[in-house]
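Engineer: the following block contains a protein sequence and its predicted model.
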Amino acid sequence: MKKYVRGTAIVGVLTLAVAACGSKPTDSGSGSSANKDFKACMVSDSGGFDDKSFNQTSYKGLQDAVKDKGLTEVKAESKSDNDYPTNMTAMVNAKCNVIVAVGFKLEDATEKAAAANAGIKFAIVDSAPAKPITNLKPLLFNTAQSSFQAGYLAAAMSKSGKVGTFGGLKIPTVTIFMDGFAEGVRYYNTQKSKNVQVLGWDDAKQAGLFTGDFEDKAKGQNNAQNLITQGADVIFPVAGPSGLGGLQAAKASNGKVNAIWVDTDGCVSAAEYCSVLLSSVQKGMDVAVKDAVVSVVDNKFDNSQFTGTLENGGTSLAPFHEFDSKIPADVKSELDQIKADIISGKITVQSKVQPKAS
(Lines give C-alpha, C1' and ligand atoms only; values in the text may rest on other atoms or scores of the structure.)
Protein backbone atom coordinates (compact mmCIF):
# COMPACT_ATOMS: atom_id res chain seq x y z
CA MET A 1 0.00 0.00 0.00
CA LYS A 2 1.23 3.44 -0.84
CA LYS A 3 0.53 5.97 1.87
CA TYR A 4 0.13 9.58 0.85
CA VAL A 5 -0.11 12.61 3.16
CA ARG A 6 -0.85 16.08 1.81
CA GLY A 7 0.08 19.21 3.73
CA THR A 8 -1.12 20.07 7.23
CA ALA A 9 -4.88 19.90 6.72
CA ILE A 10 -4.97 16.40 8.20
CA VAL A 11 -2.24 16.76 10.78
CA GLY A 12 -4.58 15.57 13.52
CA VAL A 13 -5.05 12.17 11.90
CA LEU A 14 -1.67 11.92 10.23
CA THR A 15 0.03 9.57 12.67
CA LEU A 16 -3.04 7.39 13.00
CA ALA A 17 -3.45 7.14 9.24
CA VAL A 18 0.14 6.11 8.75
CA ALA A 19 0.17 3.70 11.67
CA ALA A 20 -3.10 2.08 10.62
CA CYS A 21 -1.61 0.46 7.54
CA GLY A 22 2.06 0.61 8.42
CA SER A 23 2.62 -3.12 8.28
CA LYS A 24 1.16 -3.64 4.81
CA PRO A 25 3.47 -3.94 1.79
CA THR A 26 3.57 -1.29 -0.87
CA ASP A 27 1.40 -1.97 -3.90
CA SER A 28 4.33 -1.80 -6.30
CA GLY A 29 3.16 -4.46 -8.72
CA SER A 30 6.47 -6.32 -8.59
CA GLY A 31 9.50 -6.97 -6.48
CA SER A 32 10.10 -9.22 -3.50
CA SER A 33 7.88 -8.93 -0.42
CA ALA A 34 10.78 -9.94 1.83
CA ASN A 35 11.26 -6.28 2.82
CA LYS A 36 7.57 -5.41 3.27
CA ASP A 37 8.18 -4.12 6.80
CA PHE A 38 10.89 -1.72 5.60
CA LYS A 39 9.42 1.78 5.26
CA ALA A 40 10.99 4.03 2.64
CA CYS A 41 9.69 7.56 3.15
CA MET A 42 9.89 10.93 1.41
CA VAL A 43 8.92 14.54 2.13
CA SER A 44 8.48 16.86 -0.85
CA ASP A 45 9.08 20.57 -0.93
CA SER A 46 6.23 22.95 -1.72
CA GLY A 47 6.39 22.18 -5.45
CA GLY A 48 4.68 18.83 -4.88
CA PHE A 49 5.32 15.38 -6.30
CA ASP A 50 3.71 16.16 -9.67
CA ASP A 51 5.86 19.19 -10.51
CA LYS A 52 7.20 17.58 -13.74
CA SER A 53 10.63 18.51 -12.46
CA PHE A 54 12.51 18.40 -9.16
CA ASN A 55 10.22 16.55 -6.75
CA GLN A 56 8.83 14.25 -9.41
CA THR A 57 12.28 13.03 -10.42
CA SER A 58 13.31 12.45 -6.80
CA TYR A 59 10.06 10.60 -6.13
CA LYS A 60 10.73 8.32 -9.10
CA GLY A 61 13.91 7.23 -7.32
CA LEU A 62 11.90 6.30 -4.23
CA GLN A 63 9.38 4.43 -6.37
CA ASP A 64 12.15 2.53 -8.15
CA ALA A 65 13.67 1.43 -4.84
CA VAL A 66 10.27 0.39 -3.49
CA LYS A 67 9.53 -1.63 -6.60
CA ASP A 68 12.92 -3.32 -6.83
CA LYS A 69 13.21 -4.17 -3.14
CA GLY A 70 9.54 -4.79 -2.24
CA LEU A 71 9.40 -1.99 0.33
CA THR A 72 6.52 -0.11 1.90
CA GLU A 73 6.26 3.49 0.69
CA VAL A 74 5.20 6.46 2.80
CA LYS A 75 5.26 10.04 1.52
CA ALA A 76 4.24 13.49 2.69
CA GLU A 77 3.58 16.28 0.20
CA SER A 78 4.29 19.77 1.49
CA LYS A 79 1.90 22.49 0.33
CA SER A 80 3.93 25.31 1.87
CA ASP A 81 7.23 25.86 3.65
CA ASN A 82 5.38 25.72 6.97
CA ASP A 83 4.66 22.03 6.38
CA TYR A 84 8.26 20.82 6.50
CA PRO A 85 8.68 20.29 10.28
CA THR A 86 5.20 18.74 10.59
CA ASN A 87 5.69 16.37 7.67
CA MET A 88 9.16 15.37 8.84
CA THR A 89 7.79 14.61 12.32
CA ALA A 90 5.02 12.55 10.73
CA MET A 91 7.58 10.41 8.93
CA VAL A 92 9.55 9.89 12.15
CA ASN A 93 6.35 8.92 13.96
CA ALA A 94 5.54 6.50 11.15
CA LYS A 95 8.71 4.63 12.15
CA CYS A 96 10.32 5.01 8.75
CA ASN A 97 13.60 3.21 8.16
CA VAL A 98 14.86 5.87 5.75
CA ILE A 99 13.51 9.37 5.10
CA VAL A 100 14.45 11.31 1.97
CA ALA A 101 13.91 15.08 2.00
CA VAL A 102 13.56 16.76 -1.37
CA GLY A 103 15.24 20.10 -1.46
CA PHE A 104 17.37 22.81 0.04
CA LYS A 105 14.39 24.32 1.82
CA LEU A 106 14.00 21.22 4.01
CA GLU A 107 17.54 21.31 5.37
CA ASP A 108 16.67 22.73 8.80
CA ALA A 109 13.83 20.28 9.46
CA THR A 110 15.90 17.38 8.14
CA GLU A 111 19.03 18.14 10.13
CA LYS A 112 17.03 18.50 13.34
CA ALA A 113 15.17 15.24 12.73
CA ALA A 114 18.36 13.36 11.87
CA ALA A 115 20.18 14.64 14.95
CA ALA A 116 17.27 13.62 17.18
CA ASN A 117 16.67 10.18 15.64
CA ALA A 118 19.91 8.26 15.32
CA GLY A 119 18.08 5.03 14.55
CA ILE A 120 16.65 6.38 11.29
CA LYS A 121 18.70 6.98 8.16
CA PHE A 122 18.13 10.21 6.22
CA ALA A 123 19.10 11.59 2.81
CA ILE A 124 18.53 15.08 1.47
CA VAL A 125 18.62 16.34 -2.09
CA ASP A 126 20.49 19.59 -2.75
CA SER A 127 21.77 20.25 0.75
CA ALA A 128 24.70 19.29 2.95
CA PRO A 129 25.03 20.07 6.67
CA ALA A 130 27.88 22.35 7.70
CA LYS A 131 29.11 19.53 9.92
CA PRO A 132 28.45 15.93 8.80
CA ILE A 133 25.66 14.10 10.59
CA THR A 134 26.27 10.36 10.97
CA ASN A 135 22.85 9.26 9.71
CA LEU A 136 22.31 11.93 7.03
CA LYS A 137 23.55 11.54 3.43
CA PRO A 138 23.74 14.68 1.21
CA LEU A 139 22.83 14.27 -2.47
CA LEU A 140 24.23 17.22 -4.43
CA PHE A 141 24.47 18.03 -8.15
CA ASN A 142 26.81 20.36 -10.00
CA THR A 143 24.24 21.59 -12.51
CA ALA A 144 26.41 24.60 -13.34
CA GLN A 145 28.36 22.21 -15.57
CA SER A 146 25.42 21.01 -17.67
CA SER A 147 23.82 24.47 -17.61
CA PHE A 148 27.05 25.77 -19.18
CA GLN A 149 26.30 23.45 -22.09
CA ALA A 150 22.69 24.66 -22.12
CA GLY A 151 23.81 28.29 -22.33
CA TYR A 152 26.09 27.48 -25.24
CA LEU A 153 23.26 25.64 -26.99
CA ALA A 154 20.83 28.51 -26.40
CA ALA A 155 23.27 31.06 -27.79
CA ALA A 156 24.01 28.88 -30.81
CA MET A 157 20.31 28.45 -31.61
CA SER A 158 19.20 32.02 -30.94
CA LYS A 159 18.22 34.04 -33.99
CA SER A 160 17.54 37.27 -32.11
CA GLY A 161 20.86 37.38 -30.27
CA LYS A 162 19.05 37.42 -26.92
CA VAL A 163 18.28 34.55 -24.56
CA GLY A 164 16.54 34.71 -21.18
CA THR A 165 16.32 32.93 -17.85
CA PHE A 166 14.34 33.32 -14.65
CA GLY A 167 14.23 31.49 -11.33
CA GLY A 168 11.73 30.58 -8.68
CA LEU A 169 13.60 31.75 -5.59
CA LYS A 170 17.04 33.27 -5.26
CA ILE A 171 18.64 30.27 -3.58
CA PRO A 172 21.87 28.44 -4.53
CA THR A 173 20.09 25.42 -6.01
CA VAL A 174 18.37 27.77 -8.47
CA THR A 175 21.10 30.29 -9.21
CA ILE A 176 23.62 27.51 -9.92
CA PHE A 177 21.68 26.79 -13.12
CA MET A 178 21.49 30.47 -14.03
CA ASP A 179 25.21 30.97 -13.39
CA GLY A 180 26.17 28.07 -15.63
CA PHE A 181 23.76 29.22 -18.33
CA ALA A 182 25.24 32.73 -18.38
CA GLU A 183 28.78 31.34 -18.46
CA GLY A 184 27.91 29.07 -21.38
CA VAL A 185 26.53 31.99 -23.38
CA ARG A 186 29.65 33.99 -22.63
CA TYR A 187 31.85 31.10 -23.76
CA TYR A 188 29.90 30.91 -27.03
CA ASN A 189 30.45 34.62 -27.57
CA THR A 190 34.18 34.23 -26.97
CA GLN A 191 34.50 31.22 -29.25
CA LYS A 192 32.39 32.67 -32.07
CA SER A 193 33.10 36.40 -31.70
CA LYS A 194 29.40 37.01 -31.10
CA ASN A 195 27.48 39.13 -28.61
CA VAL A 196 24.46 37.10 -27.54
CA GLN A 197 22.86 38.77 -24.52
CA VAL A 198 21.53 37.05 -21.41
CA LEU A 199 18.35 38.61 -20.04
CA GLY A 200 17.06 37.83 -16.55
CA TRP A 201 20.36 37.08 -14.80
CA ASP A 202 23.64 38.89 -14.19
CA ASP A 203 25.98 36.33 -12.67
CA ALA A 204 28.59 38.96 -11.77
CA LYS A 205 26.05 40.91 -9.70
CA GLN A 206 24.04 37.83 -8.72
CA ALA A 207 20.87 39.71 -9.63
CA GLY A 208 18.00 38.79 -11.86
CA LEU A 209 14.40 37.80 -12.46
CA PHE A 210 12.47 35.54 -10.04
CA THR A 211 8.84 34.53 -9.61
CA GLY A 212 9.10 34.39 -5.83
CA ASP A 213 7.83 30.81 -5.59
CA PHE A 214 7.76 27.47 -7.37
CA GLU A 215 4.01 27.05 -7.68
CA ASP A 216 2.47 29.96 -9.62
CA LYS A 217 2.44 29.18 -13.36
CA ALA A 218 0.93 32.58 -14.14
CA LYS A 219 3.98 34.30 -12.64
CA GLY A 220 6.25 32.05 -14.69
CA GLN A 221 4.34 32.86 -17.85
CA ASN A 222 4.51 36.57 -17.09
CA ASN A 223 8.25 36.45 -16.47
CA ALA A 224 8.84 34.54 -19.67
CA GLN A 225 6.65 36.92 -21.63
CA ASN A 226 8.62 39.82 -20.19
CA LEU A 227 11.84 38.23 -21.51
CA ILE A 228 10.23 37.49 -24.87
CA THR A 229 9.01 41.08 -25.18
CA GLN A 230 12.62 42.19 -24.66
CA GLY A 231 13.69 39.99 -27.56
CA ALA A 232 14.67 36.65 -26.01
CA ASP A 233 13.92 33.71 -28.29
CA VAL A 234 15.25 30.94 -26.00
CA ILE A 235 13.92 30.72 -22.43
CA PHE A 236 15.55 28.83 -19.54
CA PRO A 237 13.08 28.63 -16.61
CA VAL A 238 14.48 27.37 -13.29
CA ALA A 239 11.30 27.46 -11.25
CA GLY A 240 9.63 24.07 -10.98
CA PRO A 241 5.87 24.17 -11.73
CA SER A 242 6.09 27.96 -12.00
CA GLY A 243 8.55 27.41 -14.82
CA LEU A 244 5.90 25.50 -16.76
CA GLY A 245 4.34 28.91 -17.34
CA GLY A 246 7.52 29.80 -19.20
CA LEU A 247 7.03 26.79 -21.47
CA GLN A 248 3.44 27.89 -22.05
CA ALA A 249 4.70 31.30 -23.19
CA ALA A 250 7.20 29.67 -25.53
CA LYS A 251 4.58 27.38 -27.01
CA ALA A 252 2.19 30.30 -27.52
CA SER A 253 4.80 32.02 -29.71
CA ASN A 254 4.04 29.59 -32.54
CA GLY A 255 7.62 28.65 -33.27
CA LYS A 256 9.33 31.97 -32.58
CA VAL A 257 10.53 31.05 -29.07
CA ASN A 258 12.05 27.83 -27.76
CA ALA A 259 13.09 26.73 -24.29
CA ILE A 260 15.40 24.51 -22.25
CA TRP A 261 13.95 22.68 -19.24
CA VAL A 262 15.66 21.74 -15.95
CA ASP A 263 15.96 18.86 -13.47
CA THR A 264 14.49 16.20 -15.77
CA ASP A 265 14.07 15.55 -19.48
CA GLY A 266 11.11 17.82 -20.23
CA CYS A 267 10.13 15.79 -23.27
CA VAL A 268 9.41 12.94 -20.85
CA SER A 269 8.04 14.76 -17.80
CA ALA A 270 6.22 17.57 -19.64
CA ALA A 271 5.75 15.99 -23.07
CA GLU A 272 3.10 18.49 -24.09
CA TYR A 273 5.89 21.07 -24.40
CA CYS A 274 8.42 18.89 -26.24
CA SER A 275 7.83 20.79 -29.48
CA VAL A 276 9.53 23.87 -27.98
CA LEU A 277 12.29 22.16 -25.99
CA LEU A 278 15.80 22.28 -27.45
CA SER A 279 16.99 20.07 -24.58
CA SER A 280 16.93 19.87 -20.77
CA VAL A 281 19.50 20.08 -17.98
CA GLN A 282 19.05 16.78 -16.17
CA LYS A 283 19.81 15.98 -12.54
CA GLY A 284 20.08 12.28 -11.77
CA MET A 285 18.08 12.64 -8.58
CA ASP A 286 16.12 9.47 -9.27
CA VAL A 287 19.28 7.36 -9.41
CA ALA A 288 20.86 9.06 -6.39
CA VAL A 289 17.70 8.67 -4.29
CA LYS A 290 17.27 5.03 -5.27
CA ASP A 291 20.90 4.28 -4.45
CA ALA A 292 20.59 5.97 -1.05
CA VAL A 293 17.44 4.02 -0.14
CA VAL A 294 18.82 0.70 -1.37
CA SER A 295 22.03 1.26 0.61
CA VAL A 296 19.95 1.32 3.79
CA VAL A 297 18.09 -1.85 2.83
CA ASP A 298 21.39 -3.59 2.08
CA ASN A 299 23.08 -2.29 5.27
CA LYS A 300 25.61 -0.37 3.20
CA PHE A 301 24.55 3.17 4.12
CA ASP A 302 27.19 5.82 4.69
CA ASN A 303 26.92 9.57 5.15
CA SER A 304 29.48 10.51 2.49
CA GLN A 305 28.35 13.25 0.14
CA PHE A 306 27.28 12.26 -3.35
CA THR A 307 27.97 14.93 -5.97
CA GLY A 308 26.50 14.44 -9.43
CA THR A 309 28.72 15.79 -12.23
CA LEU A 310 29.11 15.55 -15.98
CA GLU A 311 31.87 13.03 -15.37
CA ASN A 312 29.81 10.56 -13.32
CA GLY A 313 26.56 11.20 -15.19
CA GLY A 314 24.86 12.75 -12.17
CA THR A 315 23.97 15.72 -14.37
CA SER A 316 23.77 15.93 -18.15
CA LEU A 317 22.23 17.56 -21.18
CA ALA A 318 19.18 15.60 -22.33
CA PRO A 319 18.61 14.36 -25.89
CA PHE A 320 17.40 16.93 -28.42
CA HIS A 321 14.27 14.96 -29.36
CA GLU A 322 12.24 16.96 -31.93
CA PHE A 323 15.16 19.35 -32.47
CA ASP A 324 17.70 16.63 -33.22
CA SER A 325 17.63 17.32 -36.97
CA LYS A 326 17.51 21.09 -36.46
CA ILE A 327 20.61 21.48 -34.30
CA PRO A 328 23.69 21.67 -36.57
CA ALA A 329 26.22 18.85 -36.39
CA ASP A 330 28.99 21.28 -35.50
CA VAL A 331 27.01 22.56 -32.51
CA LYS A 332 26.49 18.99 -31.29
CA SER A 333 30.19 18.33 -31.67
CA GLU A 334 31.05 21.52 -29.79
CA LEU A 335 28.74 20.54 -26.93
CA ASP A 336 30.49 17.18 -26.68
CA GLN A 337 33.85 18.94 -26.61
CA ILE A 338 32.64 21.32 -23.89
CA LYS A 339 31.63 18.32 -21.78
CA ALA A 340 35.07 16.77 -22.26
CA ASP A 341 36.82 20.05 -21.48
CA ILE A 342 34.81 20.61 -18.28
CA ILE A 343 35.60 17.07 -17.15
CA SER A 344 39.31 17.48 -17.93
CA GLY A 345 39.49 20.90 -16.30
CA LYS A 346 40.35 22.72 -19.50
CA ILE A 347 37.15 24.71 -18.99
CA THR A 348 36.62 25.91 -15.42
CA VAL A 349 33.04 26.71 -14.48
CA GLN A 350 33.13 29.72 -12.17
CA SER A 351 29.82 29.62 -10.27
CA LYS A 352 30.48 30.19 -6.58
CA VAL A 353 27.50 28.06 -5.54
CA GLN A 354 28.85 24.83 -7.02
CA PRO A 355 28.91 21.98 -4.47
CA LYS A 356 32.21 21.64 -2.71
CA ALA A 357 34.14 18.49 -3.49
CA SER A 358 33.12 15.61 -1.26
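Structural biologist: That came through fine. Numbers count the residues shown, from 1 in each chain.

Engineer: and for Val293, the neighbour number?
Structural biologist: 29 (other Cβ atoms under 10 Å). To be clear about C-beta, it is placed using only N, CA and C from the backbone, and glycine gets the same treatment.

Engineer: for the remainder of this discussion, apply numbering that starts at 41.
Structural biologist: Okay, residue one is now 41; in that scheme the one you just asked about reads as Val333.

Engineer: and the gap between it and Pro281?
Structural biologist: Computed with Cβ to Cβ, to the nearest Å, the distance linking Val333 and Pro281 is 25 Å.

Engineer: also Gly353?
Structural biologist: The span separating Gly353 from Pro281 equals 26 Å under the rule Cβ to Cβ.

Engineer: what do you get for Leu176?
Structural biologist: As judged by Cβ to Cβ, Leu176 and Pro281 stand 27 Å apart.

Engineer: ok, now Lys79?
Structural biologist: Distance check for Lys79 against Pro281: by Cβ to Cβ, it reads 28 Å.

Engineer: do the same with Asn235
Structural biologist: Between Asn235 and Pro281 the computed distance is 34 Å (Cβ to Cβ).

Engineer: name the helices or strands packed onto the helix or strand hosting Phe162?
Structural biologist: With elements delineated by DSSP states H and E, Phe162 resides in strand 161-165, which encompasses its position. Contact partners of strand 161-165 among helices and strands, from 3 or more Cβ pairs under 8 Å, 6 or more residues apart in numbering; DSSP states H and E: strand 138-142, helix 147-156, strand 176-181, helix 325-337.

Engineer: what sits up against the helix or strand just after the longest one?
Structural biologist: Using DSSP H and E, the helix or strand that follows helix 325-337 in sequence is strand 346-348. The contact list for strand 346-348 (Cβ atoms under 8 Å, 6 or more residues apart in numbering) reads 177-182, 323-324, 328, 331-332, 354-355, 395, 397-398.

Engineer: ok so, going back, of Asn235 and Pro281, give the one with the bigger neighbour count.
Structural biologist: In this comparison of Asn235 against Pro281, neighbours counted by other Cβ under 10 Å, the higher total goes to Pro281 at 24 against 10.

Engineer: pull the longest helix from this protein.
Structural biologist: helix 212-232 (DSSP state H).

Engineer: wait, Val389 touches Gln185, no?
Structural biologist: Yes. Under the criterion of Cβ atoms under 8 Å, Val389 makes contact with Gln185 at 5.6 Å.

Engineer: Val106 contacts Lys115, doesn't it?
Structural biologist: No. Shown here, Val106 and Lys115 do not form a contact pair, counting by Cβ under 8 Å, at 10.1 Å.

Engineer: more neighbours: which of those two?
Structural biologist: Val106 (26 against 22).

Engineer: does the nearest residue to Gly283 once chain neighbours are set aside belong to a helix, a strand or coil?
Structural biologist: Across the structure, with Cβ to Cβ, 6 or more residues apart in numbering as the measure, the residue nearest Gly283 apart from its sequence neighbours is Pro277 (3.2 Å). Local secondary structure at Pro277 is given as strand here, using DSSP: H, G, I helix; E, B strand; the rest coil.

Engineer: Pro277 bridge partners, please.
Structural biologist: Assessed by DSSP bridges, Pro277 has beta-bridge partners Phe206.

Engineer: run through the chain and note the low-pLDDT ranges.
Structural biologist: Low-confidence segments of the chain, defined by pLDDT under 70, span residues 41-73, 398.

Engineer: quick one: the helices in it?
Structural biologist: 51-60, 94-109, 123-133, 147-156, 183-197, 212-232, 257-269, 280-291, 306-309, 325-337, 369-384.

Engineer: dump these to JSON lines, plus distance to Val203.
Structural biologist: Supplementary listing: the helices of the chain in JSON lines, determined by distance: least, Cβ to Cβ, whole Å:
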{"stretch": "helix 51-60", "distance to Val203": "44"}
{"stretch": "helix 94-109", "distance to Val203": "22"}
{"stretch": "helix 123-133", "distance to Val203": "34"}
{"stretch": "helix 147-156", "distance to Val203": "31"}
{"stretch": "helix 183-197", "distance to Val203": "4"}
{"stretch": "helix 212-232", "distance to Val203": "6"}
{"stretch": "helix 257-269", "distance to Val203": "8"}
{"stretch": "helix 280-291", "distance to Val203": "12"}
{"stretch": "helix 306-309", "distance to Val203": "17"}
{"stretch": "helix 325-337", "distance to Val203": "26"}
{"stretch": "helix 369-384", "distance to Val203": "14"}
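
Engineer: quick one: which of the ones you listed is nearest Ala74?
Structural biologist: Taking Cβ to Cβ as the measure, these were each checked against Ala74, and helix 94-109 came out nearest at 8.3 Å.
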